[in-house]
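Undergrad: this one's structure only:
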């Protein structure tokens, strides 16, 4: 399978290049040249597989010559060996809905599912190519922790994580900042997540810098993450043996729900993908009204959704523009100028597959209270938004809520809703006591680049 950029379809690349690059040289995102679709016979074979087998079959369709199938299976098993759920993910009935728990990995977030595999992909790649890679990633809270856990201690790899200073939960920060391995660097940026993300994109686009440090990225823009996340949509569908499902997905950067869209394009009979947002509701406004103008980001109890420009939305724009890279490039320029509104034709195309709704802060807290009162289950604030949105849209039991994080990662929200703390699993409680290590930097591209170059130079010497 070959890949093209959303902003230029003239050059096609193999999976290995797409994986290592993360972002295209022209600033676009990678997508396959052609869609892959399972037929009914294929789906019938997949439905009896374990999660490991299913992940191997699906991911292998996209990796081309990068890895042999038997080796991929071994990497999948290695990636999920530390998960607390035997089948990686877990379904739980809560009221009218099934909740798909995706937080049983080492950092208690759905990001672990893709990131553990990606960490082992890097190691596999470096065993064949004697390179040194520097990974730079922006995080709104969970991606950074998952990436650090997957990369820490690995040879010939450094990881630099940018998070918005004082805008993620204390537990999210501590899971990152208490890691002691010498190849891990945490940077707190004086700004919001969009600022962190823009800095990372600017470093990718700066060819002199990115090539000098052999830069790679593991944000949700990396195609390997999207592919790895499609697996649990398939697994959920086969586990429930349903004819058709809807999925309510707490959505910030549009990566997790785009994985659901990819699964649907691959032949999984999904009806609607529901974009569930907090009061930073640009995606809800875009999907319901066509309004894709960014506003000031407000801090909420669900910090992983405190985003205005969702990077992966570009992939959907490319699709609804008939995979026209010139049109997509022009639209992205308008978005950068904060001057883009979806036309009626584009909106109609999106609404065939997507619904959307938002929850306010009060609604989110009330949802945590109600679910605990009625079902004795504590939801993290992101999952509570997915749950509350499904109720708002009057979904029935065919709607699956993706539960993206363990509630203990958001003590402020849980304390506000329930007047108590949800304890971290025993293996992570040490992060509350360990000494933190992170650098606070201004929202300055030059300052961040100089810091990274300095640290790389110190490691070499």
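TA: Arrived safely, thanks for sending. No experiment lies behind these values; they were computed from the predicted model shown.

Undergrad: C-alpha only now, for contacts and for neighbours.
TA: Noted.

Undergrad: which residue packs closest to residue 94, ignoring adjacent ones?
TA: Excluding the flanking residues, the one nearest residue 94 by C-alpha to C-alpha, 6 or more residues apart in numbering is residue 375, at 6.8 Å.

Undergrad: Check residue 392 too.
TA: If the residues on either side of it in the chain are set aside, residue 392 comes closest to residue 357, at 7.7 Å by C-alpha to C-alpha, 6+ apart.

Undergrad: Kindly report the same for residue 84.
TA: In space, and not counting its chain neighbours, residue 84 is closest to residue 104: 5.2 Å by C-alpha to C-alpha, 6+ apart.

Undergrad: likewise residue 48?
TA: Closest residue to residue 48 apart from its sequence neighbours, by C-alpha to C-alpha, 6+ apart: residue 238 at 7.7 Å.

Undergrad: With residue 75 instead?
TA: Spatially, and ignoring its direct neighbours in sequence, residue 75 is nearest to residue 120 (6.5 Å; C-alpha to C-alpha, 6+ apart).

Undergrad: And residue 353, by the same measure?
TA: The nearest residue in space to residue 353 (C-alpha to C-alpha, 6+ apart) is residue 272, at 5.1 Å.

Undergrad: tell me the average confidence for the host helix or strand of that neighbour?
TA: Residue 272 is located in strand 270-277, with elements delineated by DSSP states H and E. What strand 270-277 shows for mean pLDDT is 97.

Undergrad: likewise stretch 405-414?
TA: 93.

Undergrad: any residues touching the helix or strand harbouring residue 78, and which ones?
TA: Using DSSP H and E, residue 78 sits in helix 69-79. The contact list for helix 69-79 (C-alpha atoms under 8 Å, 6 or more residues apart in numbering) reads 52, 53, 55, 56, 60, 116, 117, 120, 121.

Undergrad: Just these: which are in helices?
TA: Using DSSP state H, the subset of those located in helices is 52, 53, 55, 56, 60, 116, 117, 120, 121.

Undergrad: tally of neighbours for the fifth one?
TA: Looking back up the chat, that one is residue 60. 19 (other C-alpha atoms under 10 Å).

Undergrad: Next, count neighbours for the closest residue to it other than its chain neighbours.
TA: Leaving aside its sequence neighbours, residue 60 sits nearest to residue 69 (C-alpha to C-alpha, 6+ apart; 6.6 Å). Counted by other C-alpha under 10 Å, the residues lying close to residue 69 total 17.

Undergrad: for residue 90, same thing?
TA: 18.

Undergrad: Check the spacing between it and residue 101 real quick.
TA: Using C-alpha to C-alpha, to the nearest Å, one gets 5 Å for the distance from residue 90 to residue 101.

Undergrad: And the helices in the stretch 351-461 of the chain?
TA: Applying DSSP state H, counting those that start in this stretch to the stretch 351-461 of the chain gives helices spanning 361-375, 381-392, 411-418, 445-460.

Undergrad: which parts of the second one are buried?
TA: I take that to be helix 381-392. By 16 or more other C-alpha atoms under 10 Å, the buried positions in helix 381-392 come out as 381, 382, 383, 384, 385, 386, 387, 388, 389, 390.

Undergrad: hang on, the second one packs against residue 405?
TA: Yes - the criterion here is C-alpha atoms under 8 Å, and residue 382 meets it with residue 405 at 7.4 Å.

Undergrad: Can you give me every residue that contacts the residue nearest to residue 84?
TA: Taking C-alpha under 8 Å, 6+ apart, we find residue 104 in contact with 83, 84, 85, 88, 89, 110.

Undergrad: Also residue 379?
TA: Residue 379 sits in contact with 368, 371, 372, 406, 407, where contact means C-alpha under 8 Å, 6+ apart.

Undergrad: one more time with 7 Å, if that's ok
TA: 368, 407 (C-alpha atoms under 7 Å, 6 or more residues apart in numbering).

Undergrad: ok, so what distance separates it from residue 406?
TA: For residue 379, the distance to residue 406 - C-alpha to C-alpha - is 8 Å.

Undergrad: low-scoring stretches of the stretch 151-300 of the chain, by residue?
TA: Across the stretch 151-300 of the chain, nothing is flagged by pLDDT under 70.

Undergrad: where does residue 81 fall, helix, sheet strand or coil?
TA: Here residue 81 is coil, with the state taken from DSSP: H, G, I helix; E, B strand; the rest coil.

Undergrad: residues near it, how many?
TA: Residue 81 has 14 nearby residues by other C-alpha under 10 Å.

Undergrad: cool, residue 451 as well?
TA: When neighbours are counted by other C-alpha under 10 Å, residue 451 comes out with 15.

Undergrad: With residue 437 instead?
TA: Quick note: residue 437 (other C-alpha under 10 Å) scores 15 neighbours.

Undergrad: Which residue, other than its chain neighbours, is closest to it?
TA: In space, residue 437 comes closest to residue 177 once its chain neighbours are excluded; the distance is 5.1 Å by C-alpha to C-alpha, 6+ apart.

Undergrad: Many thanks, we can stop here.
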